[in-house]
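Asks: below is the sequence, then the predicted model.
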Amino acid sequence: MAAASSVCVLVSFASLFIYTFAIFLKPLAAEFGWSREAVSVAFGIAALAVAACSPPLGWLLDRYPARRIILPCLTIFGCAFASLALLTRHLWHLYAIFLILGMVGNGTAHLAYTRVLSTWFRERRGVAFSILLGGGAVGAMVLPPLAEALIHAVGWRASFAILGAGVLVIGLPCGWRVRERSRAAHSVITPATGTSVREGVRSRIFWIIVAELFLISISQNGAITHLSALLTDRGIAAGKAALAVSAMGGAILAGRLLTGWLLDRYFAPRVAVCLFALSALGTFLLAGAHSLPVGIGAAALIGFGMGGEGDVTPYLLSRYFGLKSFSTLYGFTWTAYAIAGAIGPVIMGRAFDATGSYRALLMQLAGVTLVAALLMLLLPRYKTSFASSED
């Protein structure tokens, strides 16, 4: 179950869309004469669509079998991504497709599968989440150089078509195998014990998690979406810049696997502090990166922290609030993450268009990431594990 979910995440919005956007940014801007800020706004639109649609998707996942949500979302996502091969020079066309991608995005990503795996695992939930999110990390390693190679070989239009088709060919068969551990009659999931949505959103713990995630998302998404452009601006060849993005993916995989192991053994907020501190250091180094080794090192540190964060958030929610409203609460945290994810790339694009450099803003984002790390120190011990309902 964890493996099938992981393969689905490999071709999901959270992997294919996010990690190849940086590769397609400059070709799209060059083809149509768009500014980087204008192209980054498309990413922001997709992120805001994720923000708006994640709570309703979470509500559906808390009440109906995940497969009923996952398969339609994968189908729409794959077809819409492939349709970018037919993109015209009208910005509204780009924005409309990205809006559709964002609307179904979390139905293909972590939100859909963490709820499923939480019904299968309790004592080794951290490791299960790391396997799940490892699919996205493998995507971060493989997809950027693959996209770069495809663009070089067949052009950006055919590249969109090929990658979109891959979602359907790889994702749908694996998505069909995903199911929860327990169900009631009529294919509706058995209610689990835990906190209600109202109790959750009134909790100080919930809002600390939301605030931390918001700050992390601004920094990470800003760095990811402009990483390739930043390095090529500083004289690094496009192929080698794609390797830096791939190195980030390798670090994400390492961060997720190690974090999953640590979460099952140590207090999660303390683990998070260390991860986010590493991410802040990476952002600081990226601000002054003028060589490939420094760029790869900075990307790896950011990726390691980012990979760990993907494990930490659902783990904290399941431990503090149980499974009763897990997906809905997780959907609300995705709203915060996606809104910040819309802000990060746009302000990065604006900073470059205004000054011709990303340096000053990246220094500020490093500080923002450190603040997120310190917020984790405010979280208390787990109140309950809701173990009786999860066995």
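Replies: That came through fine. Please read all numbers here as calculations on a predicted model, not as lab measurements.
Asks: all helices for the stretch 101-250 of the chain, in order.
Replies: 110-120, 125-166, 172-175, 197-201, 204-233, 238-263 (DSSP state H, counting those that start in this stretch).
Asks: got a list of what the residue lying closest to F332 once chain neighbours are set aside touches?
Replies: Spatial nearest neighbour of F332, chain neighbours left out: P55 (5.4 Å); criterion: Cβ to Cβ, 6 or more residues apart in numbering. Where you see a C-beta, it was placed from the backbone N, CA and C, and this is true even at glycine. If you count contacts by Cβ atoms under 8 Å, 6 or more residues apart in numbering, P55 has them with 328, 331-332, 335.
Asks: swap in S35?
Replies: S35 makes contact with 29, 349, 353, according to Cβ under 8 Å, 6+ apart.
Asks: kindly give a single PyMOL line that selects the buried subset of the residues you listed.
Replies: Paste this into PyMOL to select the buried members of the contacts of S35, with burial taken from 16 or more other Cβ atoms under 10 Å:
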select buried, resi 29+349
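Asks: let's have the contacts of S35 in JSON lines, adding pLDDT.
Replies: Compiled in JSON lines, the contacts of S35 are given as follows (pLDDT from 0 to 100):
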{"residue": "A29", "pLDDT": "84"}
{"residue": "G349", "pLDDT": "79"}
{"residue": "D353", "pLDDT": "79"}
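Asks: looking at the contacts of S35, which is nearest P65?
Replies: Nearest to P65 among the contacts of S35: G349, at 40.1 Å, using Cβ to Cβ.
Asks: can you give me the separation between that closest one and I45?
Replies: Per Cβ to Cβ, to the nearest Å, G349 is found 13 Å from I45.
Asks: again with W92
Replies: Distance of W92 to I45, given as Cβ to Cβ: 10 Å.
Asks: those two: who's more crowded?
Replies: Counted by other Cβ atoms under 10 Å, W92 and I45 do not tie: I45 has more neighbours, with 20 against 9.
Asks: distance from the chain centre to the helix or strand hosting that one, please.
Replies: Secondary structure from DSSP states H and E places I45 in helix 36-61. Its chain's C-alpha centre and that of helix 36-61 lie 11 Å apart, by Cα atoms, centre = their mean, to the nearest Å.
Asks: what of stretch 330-338?
Replies: Counting by Cα atoms, centre = their mean, stretch 330-338 comes out at 11 Å from the chain centroid.
Asks: A22 and S246 touch, don't they?
Replies: No. A22 is not in contact with S246 according to Cβ atoms under 8 Å; the separation is 11.2 Å.
Asks: for those two, list the residues in contact with both.
Replies: What both A22 and S246 touch, as defined by Cβ under 8 Å, 6+ apart, is the set P144.
Asks: tell me the pLDDT at L253?
Replies: For L253, the model assigns a pLDDT of 77.
Asks: highest mean neighbour count out of the helices of the stretch 101-250 of the chain?
Replies: Burial of those is given as mean neighbour count (mean count of other Cβ atoms under 10 Å); helix 110-120 ranks first at a mean of 25.
Asks: elements contacting it?
Replies: Helices and strands touching helix 110-120, by 3 or more Cβ pairs under 8 Å, 6 or more residues apart in numbering; DSSP states H and E, are helix 2-10, helix 36-61, helix 66-83, helix 125-166, helix 292-321, helix 326-355.
Asks: most packed of those helices?
Replies: Ranked by mean neighbours (mean count of other Cβ under 10 Å), the helices and strands packed on helix 110-120 are led by helix 292-321, with a mean of 25.
Asks: and the angle for that helix with helix 326-355?
Replies: With axes from the mean of the first three to the mean of the last three Cα atoms, to 10 degrees defining the directions, helix 292-321 sits at 150 degrees from helix 326-355.
Asks: relative to the whole chain's centre, how far out is helix 292-321?
Replies: For helix 292-321, the distance to the chain centre is 10 Å (Cα atoms, centre = their mean).
Asks: could I get the average pLDDT for that helix?
Replies: Here the average pLDDT along helix 292-321 is 83.
Asks: hey, what's the angle from that helix to helix 2-10? Just curious.
Replies: Helix 292-321 and helix 2-10 are oriented at 120 degrees to each other (the same axes, to 10 degrees).
Asks: please renumber the chain so that the first residue is 128 from this point on.
Replies: With 128 as the first residue, the last one maps to helix 419-448.
Asks: helix 419-448 packs against which elements?
Replies: Helix 419-448 sits against helix 237-247, helix 252-293, helix 331-360, helix 365-390, helix 395-414, helix 453-482, with contacts defined as 3+ Cβ pairs under 8 Å, 6+ apart.
Asks: out of those, which is closest to R446?
Replies: Among those, helix 395-414 sits nearest to R446 (Cβ to Cβ), with 7.1 Å.
Asks: mind listing what's buried in the closest one?
Replies: Using 16+ other Cβ under 10 Å as the burial criterion, the residues of helix 395-414 that qualify are 395-396, 398-414.
Asks: where's A176 relative to A469, distance?
Replies: Computed as Cβ to Cβ, the A176 to A469 distance reads 9 Å.
Asks: what do you get for R216?
Replies: Using Cβ to Cβ, one gets 23 Å for the distance from R216 to A469.
Asks: give me the below-cutoff pLDDT ranges for the chain.
Replies: Counting by pLDDT under 70, the chain shows low-confidence ranges at 309-321, 510-518.
Asks: without its sequence neighbours, what residue ends up closest to V498?
Replies: L342 (5.9 Å).
Asks: the one you found and F256, how far apart?
Replies: 21 Å.
Asks: ok, L504 next?
Replies: According to Cβ to Cβ, L504 stands 22 Å off from F256.
Asks: now do G291
Replies: Going from G291 to F256 by Cβ to Cβ gives 27 Å.
Asks: next: E436.
Replies: 11 Å.
Asks: try E275
Replies: E275 sits 30 Å away from F256, going by Cβ to Cβ.
Asks: same check on L340?
Replies: Going from L340 to F256 by Cβ to Cβ gives 15 Å.
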